[in-house]
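A.B. asks: give me a model of this one.
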Amino acid sequence: MKYEKIKSILLTVLVALSIFLTWNLWTYQPEYDVIESTEAFDVSIGDERKELELIQPYKVFYHDEEQITGSPNEKEIDKVLEQMSSWRLTDAKDISSQYSQSEIENLVHSPGRIELVFPDSLPLSSYNKVIKFDEENLPRTTFNRLIFDLDGKKGDKGIVYFVLYGEEDRKYVVECKVDEEKMDSFQTMFVQRALYNENFRNYFAFKANSRKTLLLPVKDGDYYSIKFSTELLEAADFLEALFKKPVNVRKNSTDLEEIYKDSSSLMKVNTNVNSLSFVNPGVDPDRNMSEELLVQNSIAFVNGHGGWTDNFKLFSVSPEESKIEYRMFLENFPVFSDTAGTTEITQIWGTDTIHKYQRPYFKLENDYSMFSKPNKVRIPSGYTVQQALEENKMINLEFVEDIAIGYKLTRDMNFPDRLLYDLTPSWYYKYSGNWLRLPLEELEGL
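C.D. replies: Down below sits the predicted model:
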C-alpha cells in the first residue's frame, strides 16, 4: 500500500514537471534589451515629397510621320511637366467604349502624337494633384499613357488623352481639352527638341505581343557604371517613427540582423544587406482598397517620417494585393537589385493602417567614381534585345510587358571597410509583373 502511494506521488510530480516544461517551451521568448526611450518624438529621416515628384513618367516619345524619337532624360520630361503645370484641363470624359484595343493602339502610336509612358497604371484621380482639372469628380479610371494629339482640335481646344494601354482585361480612354494656345506653344517647344536635341534618339516599334507595341532605341549607347558611397540610417529614428509606444519596444541582435518588437509590431534590420522590414502581424491586407487610396496613404505614411532618402518614384500599384512600390531611380533609370528591400520602398496596407513596410536601410551619398576610373558600358541596341527575347525559348513574348534600361546595384567588396555600391547599366524586361535583367554577356554574340 505504501509502495502504491509513493508511485502515485511520483507520477503526479512527473506529470506536473512535464506540463511546466511544455508551458515554458511554448511561451519562451529570447532575451530582448529594453530600449531606453521615455516618449515619442517627431522624426525626419530624409525628406518629404509631393505627388509631382513621385508620380512621374519615365519615358517620352514623339511620333513623327517619318520617325519616332524618344528620351528617358529626366530634364526633358521635367520640361514637359513644367509646361503642363500651367494648364487647366477641361471636359474630362470617359470615351473608352468608343475604342477597341486596336484603335487604342492607333491612338497611342499614330503620327502627330507625344507619348508620356508611366511605369505602371495609375488612378486618374491621383494625378489631379499633379495637373489641374476643372472637374471635381473625374472618371474613375486608370491610365499608363498620357497622349498629346498635336493634329486633333475641337473648336479652339487642343486634345489630351489619358489611356490605359496594353492590358489584357482592361482598356480606358479619357479625353480632356486644353487651351489651344497652350497646346501650340507646347508643340513648338517640344517638337524642335525631339527632332534636333542630342538627348533624343531614334526608336523603332517592336510588336512584342498582341496587346502592346514597345519602342526601343535603334542604335547602341554608351553609359557608365557609377560607384556610390552610402550612409547607414539610424534604427532609433525608425523605432520612434513606426512604433506607437517606443518605450515598450525590446531589442535582440544576431550576427545578421537586429530585431525590435513590442506586443503588436515587429521591425527587423538586416545588417548584412542593409534593408529594413516593419510588420504588424495582426493587421490583414485590405484587398478592397482602391488604387487612389493606396497612393494617398502610401505617400502620407512615408512623408510622416520624412522617409524619402533617395530619388524614389512610384513604380508599381497592385490593389488586389493592397501593395505599392516606389523604386529608386538614378539619372531617370530604375535601379534594381537581387535582394528585396535594397532598391525599393514597398508597402502593403490594411484597413487604415500599414501591414508591412520594407525599404533600404541606407541612402546613397557621394559619387565615388572620382577615386577610380569610370567603367564605360556599351548598351546594345533595341534590335539586339528584340532578337535575344525572340530567340529565347524560355520566354513567351505574350507575357513581356515592358523593356527598359536600368541600373543593377551590387555591393563593392573590394573595399570591405566601406559601404560602397556599384550601379551598372543593363537591359531589363518586365515579365508577368516582374522585372528581370537581360545579361549583357548573352547579347554580345547577337
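A.B. asks: what's across from residue 357 in the sheet?
C.D. replies: Going by DSSP bridges, residue 357 is paired in beta bridges with residue 278, residue 347.
A.B. asks: surely it is in contact with residue 344?
C.D. replies: No. If you go by CB atoms under 8 Å, residue 357 and residue 344 don't touch, sitting 11.6 Å apart. Bear in mind the C-beta positions are built from the backbone N, C-alpha and C, glycine included.
A.B. asks: my guess is residue 131 meets residue 89, correct?
C.D. replies: Yes. Using CB under 8 Å, residue 131 makes contact with residue 89 at a distance of 6.5 Å.
A.B. asks: ok, the two, which is more surrounded?
C.D. replies: residue 89 (22 against 19; other CB atoms under 10 Å).
A.B. asks: next one: the helix or strand containing that one to chain centre, how far?
C.D. replies: Following DSSP states H and E, one finds residue 89 within strand 88-94. When distances are taken as CA atoms, centre = their mean, to the nearest Å, strand 88-94 is centred 28 Å away from the chain's centroid.
A.B. asks: stretch 265-273 now?
C.D. replies: Average the C-alpha atoms of stretch 265-273, do the same for its chain, and the two points are 21 Å apart (CA atoms, centre = their mean).
A.B. asks: before we move on, what about stretch 331-344?
C.D. replies: Counting by CA atoms, centre = their mean, stretch 331-344 is centred 9 Å from the centre of its parent chain.
A.B. asks: and for stretch 358-371?
C.D. replies: 18 Å.
A.B. asks: and if you look at stretch 247-254?
C.D. replies: Distance, centroid of stretch 247-254 to centroid of chain: 30 Å (CA atoms, centre = their mean).
A.B. asks: swap in stretch 139-149?
C.D. replies: 19 Å.
A.B. asks: show the average pLDDT along that stretch.
C.D. replies: The average pLDDT for stretch 139-149 rounds to 95.
A.B. asks: give the buried residues for it.
C.D. replies: Neighbour-count burial for stretch 139-149, counted by 16 or more other CB atoms under 10 Å, picks out 139, 141, 142, 143, 144, 145, 146, 147, 148, 149.
A.B. asks: now do the contacts for the third one.
C.D. replies: With contact set as CB atoms under 8 Å, 6 or more residues apart in numbering, residue 142 has these partners: 121, 122, 123, 124, 164, 170, 172, 291.
A.B. asks: now with 10 Å?
C.D. replies: Residue 142 is in contact with 120-127, 162-164, 167, 170, 172, 174, 291-292, 317, 319, counting by CB atoms under 10 Å, 6 or more residues apart in numbering.
A.B. asks: go on, residue 164?
C.D. replies: Counted by CB under 10 Å, 6+ apart, residue 164 has contacts 96, 104, 121-122, 124, 141-145, 170-174.
A.B. asks: with residue 422 instead?
C.D. replies: With CB under 10 Å, 6+ apart as the criterion, the residues that contact residue 422 are 225-228, 368-369, 372, 375, 407-412, 414.
A.B. asks: distance from stretch 289-308 to the middle of the chain?
C.D. replies: The offset between the C-alpha centroid of stretch 289-308 and the centroid of the whole chain comes to 13 Å, using CA atoms, centre = their mean.
A.B. asks: send me it as PDB with only the CA atoms.
C.D. replies: These are the backbone C-alpha positions of stretch 289-308, laid out as PDB (Å, rounded to 0.1, in the frame of the first residue of the first chain):
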ATOM      1  CA  MET A 289      -8.500  49.200 -51.000                       C
ATOM      2  CA  SER A 290      -8.800  51.400 -54.100                       C
ATOM      3  CA  GLU A 291      -5.800  52.500 -56.100                       C
ATOM      4  CA  GLU A 292      -6.400  56.100 -55.300                       C
ATOM      5  CA  LEU A 293      -6.500  55.400 -51.500                       C
ATOM      6  CA  LEU A 294      -3.400  53.200 -51.800                       C
ATOM      7  CA  VAL A 295      -1.400  56.000 -53.400                       C
ATOM      8  CA  GLN A 296      -2.700  58.600 -50.900                       C
ATOM      9  CA  ASN A 297      -2.000  56.500 -47.900                       C
ATOM     10  CA  SER A 298       1.500  55.400 -49.000                       C
ATOM     11  CA  ILE A 299       2.800  58.900 -49.700                       C
ATOM     12  CA  ALA A 300       1.300  60.300 -46.400                       C
ATOM     13  CA  PHE A 301       2.900  57.400 -44.500                       C
ATOM     14  CA  VAL A 302       6.400  57.900 -45.800                       C
ATOM     15  CA  ASN A 303       6.100  61.700 -45.500                       C
ATOM     16  CA  GLY A 304       5.100  61.200 -41.900                       C
ATOM     17  CA  HIS A 305       8.600  60.300 -41.000                       C
ATOM     18  CA  GLY A 306      10.500  62.000 -43.900                       C
ATOM     19  CA  GLY A 307      11.300  58.700 -45.300                       C
ATOM     20  CA  TRP A 308      12.300  59.700 -48.900                       C
END
